[in-house]
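Colleague: next come a sequence and a model predicted from it.
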Amino acid sequence: MHQLMMEPPHSTLEPVTDVFHGVPVTDPYRWLEDQDSLRTRAWIKEQTLYARAYLDGIPGRERIRERIREFLAVETYDSLQIAGSRYFFRKRLPDQEQPCIYMRVLCSRSCGRKAPLLSRRLPARLGNIPR
């Protein structure tokens with residue numbers, strides 16, 4: 001197995017404790033939640049360089065990437081939920097990175113028509129909906 005020759009970048013610990021329902025929860029990495037801070041951006045850059053040094057050196061990596069793309073190039077359905085006379089599910093087409101949520105009305109016959117309920121590509125006719 002490919003081994004890293006360098007030490008991982010240092011991650012500063014700055015514990016912050018919150019109390020949820022009487023239970024103290026400590027988060028030593030809360031400072032990383034500010035995605036726009038210069039410290040966080042520098043940390044991300046260091047971590048990315050470290051990861052790339054390892055990942056880019058894996059033999060056959062490009063073939064693995066292509067094989068994974070082949071496996072993902074299918075239409076998928078998941079997360080079926082039934083609510084009354086409707087059912088909701090997630091559907092991802094082969095060219096989509098993320099699935100859309102769909103709704104279908106149940107009928108006595110197979111007359112239900114699929115319609116996207118939530119999608120990143122909502123039609124403009126629906127008005128000014130935040131994406």
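Modeller: Yep, it's here.
Colleague: following the longest helix seen in the chain, which helix or strand comes up?
Modeller: With secondary structure taken from DSSP state H, the chain has its longest helix at helix 38-55. Per DSSP states H and E, the first helix or strand lying C-terminal to helix 38-55 is helix 61-72.
Colleague: in that following helix, what's buried?
Modeller: By neighbour count with 16 or more other CB atoms under 10 Å, helix 61-72 contains no buried residues. Where you see a C-beta, it was placed from the backbone N, CA and C, and this is true even at glycine.
Colleague: what are the pairing partners of the helix or strand following that helix, and which direction each?
Modeller: Next helix or strand after helix 61-72 toward the C-terminus (DSSP H and E): strand 76-83. Here strand 76-83 is paired, per DSSP bridges, with strand 86-92 (antiparallel).
Colleague: the strand it pairs with to helix 61-72, inter-axis angle?
Modeller: 150 degrees (axes from the mean of the first three to the mean of the last three CA atoms, to 10 degrees).
Colleague: residue ranges with poor pLDDT in the protein?
Modeller: The chain contains residues with pLDDT under 70 at 1-5, 108-131.
Colleague: try it again with 90
Modeller: 1-7, 57, 72, 84-85, 87, 95-97, 104-131 (pLDDT under 90).
Colleague: in it, which residue is most central in space?
Modeller: The centroid of the chain falls nearest to Q98 when counting by CA atoms, centre = their mean (7.8 Å).
Colleague: hang on, that one packs against R92?
Modeller: Yes. The criterion here is CB atoms under 8 Å, and Q98 meets it with R92 at 6.9 Å.
Colleague: how is the chain partitioned into domains?
Modeller: Domains of the chain are assigned by automatic domain parsing as 16-70, 74-121.
Colleague: just send those domains back as JSON lines, with distance to E7 too.
Modeller: Output for the domains of the chain, formatted as JSON lines (distance: least, CB to CB, whole Å):
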{"stretch": "domain 16-70", "distance to E7": "9"}
{"stretch": "domain 74-121", "distance to E7": "34"}
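Colleague: thank you kindly, that will do.
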